[in-house]
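Peer 1: only geometry, no sequence info:
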């Protein structure tokens, strides 16, 4: 009897994990399918021509690190700032807790997106070889003007209808940004509700 209970518990945990994994992928996919929104309207850059050319793309195209990144280890991770700037409210503390717990482990991002989205995956080892010294010449030769994108795992509220996620993009040594985004599920669709800029170069 005890063996059956243990097996039942493991099975239920697996189903819950699979459901969580599927939900995370749905949110990430929804966000990345909207690649044209990566660059905020207030973005100021020295390479305006390059940024404008990306904004005019009919269909988004970018290079994506094939695993999620963990922003909680970075010096820019400021939980207080999220509440002070009203990106999260006090009732959203469970989202932040879930976000921190989830990002203690990475999630593979190799999955299907909208067919209009041109995603080129790059492994972490290849990324380090290519941009470890912050030399973008080889990157441009290989990927042209596609932004380099990294994304975290999303954290959810208890109702699973609100999510927090971290995303960065770079187009060069002095071109890029990192910000937290809040998404909310409305009528079955995830939509961006707010964001907080963390760094800009």
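Peer 2: Here it is on my side, so go on. Remember, predicted model here, so these are calculated numbers, not experimental data. Numbers count the residues shown, from 1 in each chain.
Peer 1: what's residue 147 sitting at in phi/psi?
Peer 2: phi -60, psi 140 (degrees, to the nearest 10).
Peer 1: same thing with residue 195?
Peer 2: Dihedral pair for residue 195: phi -160, psi 160, per degrees, to the nearest 10.
Peer 1: swap in the one 5 residues further on?
Peer 2: With angles defined as degrees, to the nearest 10, residue 200 sits at phi -150, psi 140.
Peer 1: tell me the secondary structure for the closest residue to residue 197 other than its chain neighbours?
Peer 2: Distance criterion Cβ to Cβ, 6 or more residues apart in numbering; nearest residue to residue 197, sequence neighbours excluded, is residue 179 at 4.8 Å. In short, each C-beta sits where N, CA and C put it, glycine included. Assigned with DSSP: H, G, I helix; E, B strand; the rest coil, residue 179 falls in the strand class.
Peer 1: quick one, what contacts residue 179?
Peer 2: Shown in contact with residue 179 (Cβ atoms under 8 Å, 6 or more residues apart in numbering): 40, 166, 167, 168, 195, 196, 197, 198.
Peer 1: Quick check, the fifth one in contact with residue 181.
Peer 2: The one in question is residue 195. Yes. Counting by Cβ atoms under 8 Å, residue 195 touches residue 181, with 4.5 Å between them.
Peer 1: who's more crowded, those two?
Peer 2: Ranked by neighbour count (other Cβ atoms under 10 Å), residue 195 and residue 181 place residue 181 first, with 21 against 16.
Peer 1: Looking at strand pairing, list the partners for the more buried one.
Peer 2: For residue 181, the beta-bridge partners under DSSP bridges are residue 165, residue 195.
Peer 1: All set now, cheers.
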